[in-house]
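In: dropping the sequence and predicted coords here.
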Amino acid sequence: MAANGNGAQDEATAPSLNALAQFIKDLSFENPNAPRSLAPQANPPQISISVNVNARPLSDTDYEVELTLEGKAGEAPNLLFSFELLYAGIFRVQNIPQDNVHPVVMIECPRLLFPFARQIVADAVRNGGFPPLFIDPIDFAALYRQRIMEAQNTGGDQPVA
């Protein structure tokens, strides 16, 4: 409820995070040993996945946030598949204190993008002839803290956002 009786004014100053657009910037799926790789495997392959988040300001309130998912199943020369997805979104951040904007952009925005990126990867792997790859949820707050600690330990600046 509005404390001052003017709900419109309270809504205008309420913190908000809005997704304006989401899109695939780059998608690559490779199945280098097909059709041999599609045969049943004696042992499940070792699957490795890496995640990265980057952001850049587009204006005072708008940010482009990129979520990169890269992975592979198996090792050369018996690589089953590999993928790389660069999935991005444009987000509007309003009425959030300036010292909180960076964590919001680097934690909450990729959290909103992730379910869509995970589905794109699952579909690409399935369309490549394999069972869908379901990536476990990612703790973007922990990933953010890790990046901040790495930047402090190397004397670098915080990632741009």
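Out: Nice, I can see it. Numbering: from 1, shown residues only.
In: what bridges to the residue most central in space within the chain?
Out: Nearest to the mean C-alpha position of the chain, counting by CA atoms, centre = their mean, stands residue 67 at 3.0 Å. Going by DSSP bridges, residue 67 is paired in beta bridges with residue 53, residue 87.
In: isn't it right up against residue 51?
Out: Yes - counting by CB atoms under 8 Å, residue 67 touches residue 51, with 7.4 Å between them. For the C-beta atoms, the positions are set from N, CA and C on the backbone; glycine is no exception.
In: for the longest helix seen in the chain, buried residues please.
Out: In the chain, taking DSSP state H as the definition, the longest helix is helix 109-127. By 16 or more other CB atoms under 10 Å, the buried positions in helix 109-127 come out as 109, 110, 111, 112, 113, 114, 117, 118, 120, 121, 124, 125.
In: distance of the closest residue to the third one other than its chain neighbours from residue 59?
Out: With CB to CB, 6 or more residues apart in numbering as the criterion, residue 111 has its nearest non-adjacent residue at 5.1 Å, and that residue is residue 140. Look at residue 140 and residue 59: by CB to CB, to the nearest Å, they are 23 Å apart.
In: the more surrounded of the two?
Out: Neighbour comparison, residue 140 and residue 59: the larger count goes to residue 140, with 21 against 7 (by other CB atoms under 10 Å).
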